[in-house]
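Q: what follows is a predicted structure for the sequence shown.
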Amino acid sequence: MDKLKRVLSGRDAEEPSPLTEVIEATSLSWGTRVKGFIACFAIGCLCSLLGSCLLWVPKKGLMLFAVFYTLGNIASIGSTLFLMGPMKQLKRMFEPTRLIATTVMLLCLVLTLCSAFWWRKEGLALLFCILQFFALAW
């Protein structure tokens, strides 16, 4: 019956490819995209705020701050994926005018986590958090 409807409506009589079915099944409505953006952005802000509060915890506070601040930035950047889509987001992030800031920010995200977990250098983690902030503001 579906084939007959497609033929009569002038659409292709071919079955859609599996890739087309996946793309159509995963398309989000505008309302869902906005809800995803708000949820992801709120989680990012919450992580950053929690990291700021954990900064004052003795001994491990600076490391916890670096980790939660970085996770908050990742979630906040991920929130814009809901609005623009992943490919458009990546294309805009790596435009020539934003290439240096994007590279510095991504490098600082990775180096913050490396300095917190593997190198155990809290001062270095704080420096990379500050550089993350400036790269995001740039």
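A: Nice, thanks for sending it over.
Q: in terms of helices and strands, where is the most centrally placed residue in the chain?
A: When the chain is reduced to its mean C-alpha position, the closest residue under Cα atoms, centre = their mean turns out to be G78, at 1.9 Å. Using DSSP states H and E, the element containing G78 is helix 61-84.
Q: surely R98 and K91 touch.
A: No - between R98 and K91 no contact is recorded; they are 10.2 Å apart, counting by Cβ atoms under 8 Å. (Glycine included, C-beta is placed from N, CA and C.)
Q: I'd like the distance between the residue nearest to the centre of the chain and G51.
A: Note on G78: its distance to G51, by Cβ to Cβ, to the nearest Å, is 16 Å.
Q: how about W30?
A: When distances are taken as Cβ to Cβ, W30 and G51 turn out to be 32 Å apart.
Q: and these two? Which one has more around it.
A: Neighbour totals were compared for W30 and G51, and G51 leads with 21 against 8 (other Cβ atoms under 10 Å).
Q: residue contacts, that one?
A: Contacts here follow Cβ atoms under 8 Å, 6 or more residues apart in numbering; on that basis G51 touches L64, F65, A66, V67, F68, Y69, L71, G72.
Q: check S115 too.
A: A66, K121, E122, L124, A125, F128.
Q: grab the two from these that are most spread out in space.
A: The largest separation in the contacts of S115, counting by Cβ to Cβ, is between E122 and F128 at 10.8 Å.
Q: can you list residues touching both of those two?
A: Common neighbours of E122 and F128 are listed as A66, S115 (criterion: Cβ under 8 Å, 6+ apart).
Q: quick check: next helix or strand after the helix or strand of the chain with the lowest mean pLDDT?
A: Ranked by mean pLDDT, DSSP states H and E, the helix or strand of the chain with the weakest confidence is helix 18-26, at a mean of 54. Using DSSP H and E, the helix or strand that directly follows helix 18-26 along the chain is helix 30-54.
Q: buried residues in that next one, which are they?
A: Buried residues in helix 30-54, defined by neighbour count with 16 or more other Cβ atoms under 10 Å: R33, G36, F37, C40, F41, I43, G44, C47, S48, L50, G51, L54.
Q: picking up where we left off before, what's the overlap in contacts for R98 and K91?
A: When contacts are counted by Cβ under 8 Å, 6+ apart, R98 and K91 are jointly contacted by no residue.
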